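Chemist: My questions are about this predicted structure, shown below with the sequence.
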Amino acid sequence: MKKLVAPLLLTLSMSTSANTTPPDVTEFLQVLPQYVQWAEQIDKEGQKTGTSLNEAELQIAKEVGVSHPEKIRMVYVDSVPYPYENPVLKEMGERIGFIGEGITNNAQVFGYSIYVRKGFILDTPKLAHEFVHVKQIEEASSLLEYSKKHLVDMAKYGYADAPYEKEAFKANEKYKHK
């Protein structure tokens, strides 16, 4: 059975340009299992406290290819969780641009739990984007391999051009006028 927990990288807002050197991900790959363990707990909490999807949301999740949309829970929080108490993960999050001064994480998938910052409008295109990430996690051979691939791809191509993000952004476009 596949583990279903979103990696740290699903909503990472990192960009690269011709003048920017992509971050070295070697160190982060070594601590990724710590993040996965923490994320599994966050997903379990979300499964207990989150709300089920309504009929329209279930339909969108099915349309983007989620195998088990009935398992998805929406969790509205003051801020999307991150393991700040773990100094190594905190440092890695800051180095890759996931957390830090001026960075706000509005929504993130943790397996079947989607955490959304209160006040952030998760409209249909953005919701479809998050559902694509749930689908990608369902399809992954393992969370660790999925996370490694996504991290390396984002370091290589930048956030917007990483393959998993490109797929999710296609859902944004498809649902833009629905």
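Modeler: Yep, it's here. Owing to the predicted nature of the structure, the values given are computational and were not obtained by experimental measurement. Residues are numbered from 1 along each chain as shown.

Chemist: So what's the gap between the helix or strand containing Lys148 and the chain middle?
Modeler: Using DSSP states H and E, Lys148 sits within helix 143-157. Its chain's average C-alpha position is 12 Å from that of helix 143-157, according to Cα atoms, centre = their mean, to the nearest Å.

Chemist: again, but for stretch 97-109
Modeler: On the basis of Cα atoms, centre = their mean, stretch 97-109 sits 11 Å off its chain's mean C-alpha point.

Chemist: in that stretch, what counts as buried?
Modeler: Under the neighbour-count criterion of 16 or more other Cβ atoms under 10 Å, stretch 97-109 has 98-99, 105-109 buried. Glycine gets a C-beta too; all of them are placed from N, C-alpha and C.

Chemist: Closest one to His68 out of these, please.
Modeler: Within those, the smallest distance to His68 is 13.6 Å, found for Val109 (Cβ to Cβ).

Chemist: Show me what the one helix or strand that closest one maps to is packed up against.
Modeler: Element membership for Val109, per DSSP H and E: strand 107-110. Contacts defined by 3 or more Cβ pairs under 8 Å, 6 or more residues apart in numbering; DSSP states H and E place strand 107-110 against helix 26-49, strand 113-117, helix 124-139.

Chemist: now do 10 Å
Modeler: If contacts are counted by 3 or more Cβ pairs under 10 Å, 6 or more residues apart in numbering; DSSP states H and E, strand 107-110 sits against helix 26-49, strand 73-77, strand 113-117, helix 124-139.

Chemist: Can you lay out the ones you listed as CSV showing distance to Ser67?
Modeler: Below are those laid out as CSV (distance: least, Cβ to Cβ, whole Å):
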stretch, distance to Ser67
helix 26-49, 16
strand 73-77, 16
strand 113-117, 16
helix 124-139, 5
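
Chemist: do you know which of the ones you listed lies nearest Gly65?
Modeler: helix 124-139 (4.5 Å).

Chemist: just to revisit the earlier point, what's the farthest-apart pair in the buried residues of stretch 97-109?
Modeler: Based on Cβ to Cβ, the longest span within those runs between Ile99 and Val109 and measures 16.6 Å.

Chemist: Tell me which helix or strand comes right after the lowest-mean-pLDDT helix or strand in the chain.
Modeler: Least confident helix or strand of the chain, by mean pLDDT, DSSP states H and E, is helix 143-157 with a mean of 78. Later in the chain than helix 143-157, the nearest helix or strand by DSSP H and E is helix 163-174.

Chemist: Give me the spatial nearest neighbour of Ile99, chain neighbours excluded.
Modeler: For Ile99, ignoring the flanking residues on the chain, the nearest one in space by Cβ to Cβ, 6 or more residues apart in numbering is Gly93 at 4.1 Å.

Chemist: And Pro163, by the same measure?
Modeler: Once flanking residues are discounted, Pro163 sits nearest to Asp153: 5.6 Å by Cβ to Cβ, 6+ apart.
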